[in-house]
Every structure is written in C-alpha cells, then in structure tokens.
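Novice: Whatever this is, show me its structure:
(one chain, ligands or ions: 1)
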Amino acid sequence: MSPQVTDNGVEPRKSAAPRHVHTLIIGSGFAGLGAAIRFAQDGRDDFLVLERGSEVGGTWRDNTYPGAACDVPSHLYSYSFALNPDWSRSFSRQGEIQAYIKKVADKYDVLDKHVFDCDVQSAHWNGKAAQWEVQTSQGKFTANFIVSAVGALCEPSLPDIKGITEFAGEIFHSAQWNHDADLTGKRVAVIGTGASAIQIIPAIAGQVAHMDVYQRTAPWLLPRFDRPYTEVEKFAFKHIPGFQRLSRAGIYWARETQVFGLAKAPIMMKPLELMARAKLMYEVRDSELREKVTPNFQIGCKRMLISNEYYPALGRDNVELVTDGIKEVRKDAIVTKDGTVREVDAIVVATGFHVTDSPTFQTIFGKDGRSLADVFEEGGQQGYKGSAINNFPNMFFLVGPNTGLGHTSMVFMIESQINYVADALDTADRQGLRTVEVRKDAQDAYNDELQEKLAKSVWNNGGCASWYLDKHGNNTTLWPGFTFEFRQQLRKFDIDKYDVSVAVDNKEKVAAK
Ligand code: N01
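Specialist: Numbering: from 1, shown residues only. The predicted model follows:
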C-alpha cells in the first residue's frame, strides 16, 4: 500500500491495528460501541472500530454546548445491559451521559478494539475479493463486513446565508462549541430555535450583554419534568431488585402511548397541544412575543421540545426574538429582510445537521460503483429494516433509514438493530456465506409498507417542513410505529430476503444442510 500524504506533506499516523479484519465498525457512539460490546460478548473477536474522534461517545462527545442535556429520561436512554443506578437526575446532562458511555466502554473492555482519530474517507466494495476496502486518515483497512454506525446527527449543517463566511467575530456551530470563546458581556446572535438552540439560549442568556434569537419557525414546547433523584431513590435503584427495570419499563410504556397520536391518528395529539398552549399562555405574558412564538403547524410534526427555561429566557430584557428572516451577514452584523442591522460580536449557528443529505453518503461505493448518495438520489433514501441497503453487500447499518424516533430512546432501536446484525453475521458464518445483500424487491416491498403507514402520520401531515423529510417530501428518517414492533421485526435475521453467495470451499457444506 502506498503511503498517503496529507495536504501539509505529513504522512498520516498509522495505527498498529491489523489491516484486515472480519468486521469493521465505523463510529463509536451509542450504536458502534454497543455493536463492539455485543461482538466481544459473542466471542466474535476479529473486528475493529474506526472512530474519527479521540474517544467514544459520538454525538454526546461532540455536543458540549452550554445546557446540553437529553430529552429522554436517562433510565431509558441507556443500554439495557448496562443500567446505571447512579443517574443524578431524571434527564441527564451531556457530561454525565458522556461519562456513562466512557465507563461502559471501559467496563466491557472494548477500547483496545478501537482505532481513534481515524477518519474514514471512503469505502469501496471489491466484488472479486468479496471485501470492503476502506481508506482512512490512518491508511487502508479491508474487511469482509462493515457495520456503519456513523449516526444521523453527526454532520453539522451550516446555513447558506449571504456573507456568513465574511463574519469577523466568533462564529461556531452548536455541535462544535468553541469553549475558548468567552461570550461574557458580548452581543451574541443565535440562529435557529430547534432542540439545541432552546437549551443554549437560556444557558447563556444571563451571561451575555445582549442576545438576538433568529427564529424561522416557532417550535412547540412541553414542560420538562426534570429533577434530581433523591439518595433514597438512588439507593432503591441500586439495591432493590427489579426497581430500576420497573422504572425503566414505566418510562418506556408511557412514551409508547405517544405513537398513537404521532403515527396513527394525529387527532390524538390534541391533549399534548393543549398542554403546550397552556404552557405558552402561562409563561409568555407579552402578547407580541406570544404571537411570535405560537407555532403554525400541528404539534409533533417537528420534534417536540421540552424546556422550562426557554420562554422565560426570551422574555428577558437583554434578549430579542427576531422573526423577520436573515437577509445577509456582514463582518460585524446581521441584516434582516426588513433592512434592520443588528451588530453582533459572536454568532452561534444552531441550525441542525445534514440528515437526509449527509456527506458520508458520498464516500461509500457499492457493488455497481455507485455511491450511497447516488443510489439515494435516484431511488430515494431507502433501506431494509434500517439495517441493509440493496447494492451494498456485506454492509449493515445502525440508525439507517427510517429508524429515527420522535418520542423515545434511540438506544432501544439501536439494540434491536445490533441483535439483527449479530444474527446476520452468525448466519453468514454458520452457512459459510461469502456475500449477503438485501434483495431489491424485498427492500421495495418493505418501503411501500413503511410509506403507507407514514402517510397517516403527523410528520407527513402536520403542516411543517422538517429534517424528517427529504427534498422530495418523503419521510426517510422515522419509524412509523411502536418500537416493540421494530424489535419484533428485527428479532431474527431473515435470510430469505437476501441474495447470498457461498464461499467455494463451503458449497458442499451448505448443500448438505
Ligand atoms: O437542529 P434542528 P438541532 N436560517 O434541525 C433553524 C437532536 N437533539 O441541532 O425549523 C435560519 O432541530 C431551523 O428552523 P426551521 C434531536 O433529534 C436532541 O436543534 O427549519 N434558521 C431550526 O429552528 C433534534 O431534532 C437533543 O424553520 C435556520 C434550527 O435551525 C436534532 O438533534 C438536543 C436555518 C435547527 O433545528 C437536531 O436538533 C439537541 C437558516 N438557514 C439535539 N436553517 C436532546 O436530546 C435551519 N434553521 C435534548
């Protein structure tokens, strides 16, 4: 392999890890780390995890912005095999979740399977050798199978606003918070009012001199039932058998009830909308501000946000909610479409992520040489059970198409998928399979059924534009049902939906079965 040289002429650092493994996992957030632990537990030791960051954690490692916290209770938003009785509060903050993930990685002893600071640049399927060739910032790796666990919320999306690159002050994305930038006493603009922004705004409003919040669409807000756990509760979680599992189950089933309204009969979202309206009336007393923050779409259509501090922060004397739309950014100011010029020292860009148009799709090349981006462009972003995609043999996906949720813990979905992938690899081993590729007709039938269900959902009918929909208006991100239905579907690897080829020396063995 010829050495790769970076732009500055320096040969990239190479890891001492093996260059060929049976399975490469890409990414070590909740999904990739969970897969690594499962493989290790199954005695499937011939694998590596390639991780572009310097430690595990994925989105919880990267999103260190002030106020970052989860909006799913921690007793549910954690691995089923690694419950944590020590959660300090019901909705944990970023630091505590990241510490949990690191602790789990350490406890299950999979860190030496990781290659950190290893940015995957491309992955090409080599049909002759029946293996994936993966180019990285640390040289080339090959593998019989890939498990892509890069996540959906990993590529920050920067707004295409005239002049934004000319801004002379501090400017950074919420997922790339610059902790060296001191915002104390500064004039700060926050662009966006999504899940990240509504946590950032109250967290820094008291520290800055003035804040302009640029809102394009007003979000729906629900109360955040967050509180610290008492010592008695923590004792009970730790020492009373089954108590923590019971609490987890309670959270799980309470959240599943939202599926009726979100996915099946949006009219059932009405009680939640009434609750959100009451909160808005109570917390926003100024009628002009109230009008501006009243959403114009059905609750649930975009992700429902939870905060008790956001509306009060907007009501502060040093905070202005701007709804006129941004015309351009100048080197020291933001100009809105009505011509108003607001001078600022720093801009926080909280405009979300490339979900349906992730740049990572351009780096994976399948059987016919087309990239994932090309395949998605031509046929829509479709997969089979969110875990496999036709034209990409021997590749499995965690948090793939239509696995996202609007109501509960992604970790539940991830564990369902890990189980499916582990069973797929076991099946391939048992049957001596060289290649495994989901059939196009199976994938199409699966997606027809998904889209039929999604057509009834609030996400498709709620009158909003959201990152759940791709540029054609198709919902390629969310799972349209109960999460236990997803788990049931992924209980066993369904090889009859896959084209397989058998290694030559295994043909007799398979024929005999
Ligand atoms: O991103 P978003 P996020 N000009 O896409 C606005 C998870 N998450 O980082 O609504 C002006 O939700 C955009 O406006 P509009 C969670 O799954 C979880 O906040 O498109 N504004 C919107 O207001 C979440 O859904 C947690 O009209 C522009 C905002 O930017 C996902 O991450 C915490 C614009 C983007 O909101 C993403 O959340 C944080 C432009 N050109 C995140 N472009 C928790 O668990 C976009 N916007 C708590």
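Novice: Tell me the residues on the stretch 1-150 of the chain that lie near the ligand, please.
Specialist: A69, C70, D71 (Cβ under 6 Å from any ligand atom). Heads up, the C-betas are built off the backbone N, CA and C, glycines and all.
Novice: Strands - which of those land there?
Specialist: Residues of these located in strands (DSSP state E): none.
Novice: Can you flag the buried ones in those residues?
Specialist: Among these, those scoring as buried are A69, C70, D71 (criterion: 16 or more other Cβ atoms under 10 Å).
Novice: where's the first one relative to S92, distance?
Specialist: Read it as A69. In this view, A69 and S92 are 7 Å apart by Cβ to Cβ, to the nearest Å.
Novice: Residue of the protein closest to the ligand, please.
Specialist: Of all residues in the chain, the one sitting closest to the ligand is G194 (2.1 Å; Cβ to the nearest ligand atom).
Novice: G67 contacts G206, doesn't it?
Specialist: No - using Cβ atoms under 8 Å, G67 makes no contact with G206, being 11.5 Å away.
Novice: who has more neighbours, those two?
Specialist: Counting neighbours by other Cβ atoms under 10 Å for G67 and for G206 shows that G67 has the greater number, 18 against 11.
Novice: so who does that one touch?
Specialist: Q199, I200, P202, A203, I204 (Cβ atoms under 8 Å, 6 or more residues apart in numbering).
Novice: most surrounded residue in those residues?
Specialist: Q199 (27 neighbours).
Novice: Tell me if that residue really is in a helix.
Specialist: Yes - Q199: assigned to a helix according to DSSP: H, G, I helix; E, B strand; the rest coil.
Novice: and the gap between it and A209?
Specialist: 21 Å.
Novice: cool, T435 as well?
Specialist: 61 Å.
Novice: Also G29?
Specialist: 36 Å.
Novice: Between those two, tell me which one has more neighbours.
Specialist: G29 (26 against 12).
Novice: Now do the same contact list for that one.
Specialist: V56, G57, G58, T59, W60, R61, I101, A149, G151, C154.
Novice: Not counting sequence-adjacent ones, nearest residue to it?
Specialist: Leaving aside its sequence neighbours, G29 sits nearest to G58 (Cβ to Cβ, 6 or more residues apart in numbering; 2.1 Å).
Novice: likewise G192?
Specialist: A350 is the one closest to G192 (Cβ to Cβ, 6+ apart), at 3.8 Å.
Novice: so what's the one you found up against?
Specialist: H173, S174, V190, I191, G192, T193, G194, S196, A197, I200.
Novice: how about JSON lines for those residues, with pLDDT and secondary structure added?
Specialist: Shown next, in JSON lines, are the contacts of A350 (pLDDT from 0 to 100; DSSP: H, G, I helix; E, B strand; the rest coil):
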{"residue": "H173", "pLDDT": "97", "secondary structure": "strand"}
{"residue": "S174", "pLDDT": "97", "secondary structure": "helix"}
{"residue": "V190", "pLDDT": "98", "secondary structure": "strand"}
{"residue": "I191", "pLDDT": "98", "secondary structure": "strand"}
{"residue": "G192", "pLDDT": "97", "secondary structure": "coil"}
{"residue": "T193", "pLDDT": "98", "secondary structure": "coil"}
{"residue": "G194", "pLDDT": "96", "secondary structure": "coil"}
{"residue": "S196", "pLDDT": "97", "secondary structure": "coil"}
{"residue": "A197", "pLDDT": "98", "secondary structure": "helix"}
{"residue": "I200", "pLDDT": "98", "secondary structure": "helix"}
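Novice: Pull the most distant pair out of those.
Specialist: Maximum pairwise distance among the contacts of A350 (Cβ to Cβ): 15.1 Å, between H173 and T193.
Novice: Mind exporting the C-alpha coordinates of stretch 477-497 to PDB?
Specialist: Written as PDB, here are the backbone C-alpha positions of stretch 477-497 (Å, rounded to 0.1, in the frame of the first residue of the first chain):
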ATOM      1  CA  THR A 477     -35.900   9.100   8.700                       C
ATOM      2  CA  LEU A 478     -38.600   8.000  11.100                       C
ATOM      3  CA  TRP A 479     -40.000   4.600  12.200                       C
ATOM      4  CA  PRO A 480     -43.800   4.800  11.900                       C
ATOM      5  CA  GLY A 481     -44.900   2.500  14.700                       C
ATOM      6  CA  PHE A 482     -44.300   1.200  18.200                       C
ATOM      7  CA  THR A 483     -40.700   0.500  19.000                       C
ATOM      8  CA  PHE A 484     -41.600  -3.000  20.200                       C
ATOM      9  CA  GLU A 485     -42.900  -3.700  16.600                       C
ATOM     10  CA  PHE A 486     -39.400  -2.800  15.300                       C
ATOM     11  CA  ARG A 487     -37.800  -5.000  17.800                       C
ATOM     12  CA  GLN A 488     -40.100  -7.900  16.800                       C
ATOM     13  CA  GLN A 489     -39.200  -7.400  13.100                       C
ATOM     14  CA  LEU A 490     -35.500  -7.500  13.800                       C
ATOM     15  CA  ARG A 491     -35.600 -10.400  16.200                       C
ATOM     16  CA  LYS A 492     -34.200 -12.800  13.700                       C
ATOM     17  CA  PHE A 493     -32.100 -12.300  10.600                       C
ATOM     18  CA  ASP A 494     -34.400 -13.100   7.600                       C
ATOM     19  CA  ILE A 495     -32.000 -14.600   5.100                       C
ATOM     20  CA  ASP A 496     -34.900 -15.300   2.700                       C
ATOM     21  CA  LYS A 497     -34.900 -11.500   1.900                       C
END
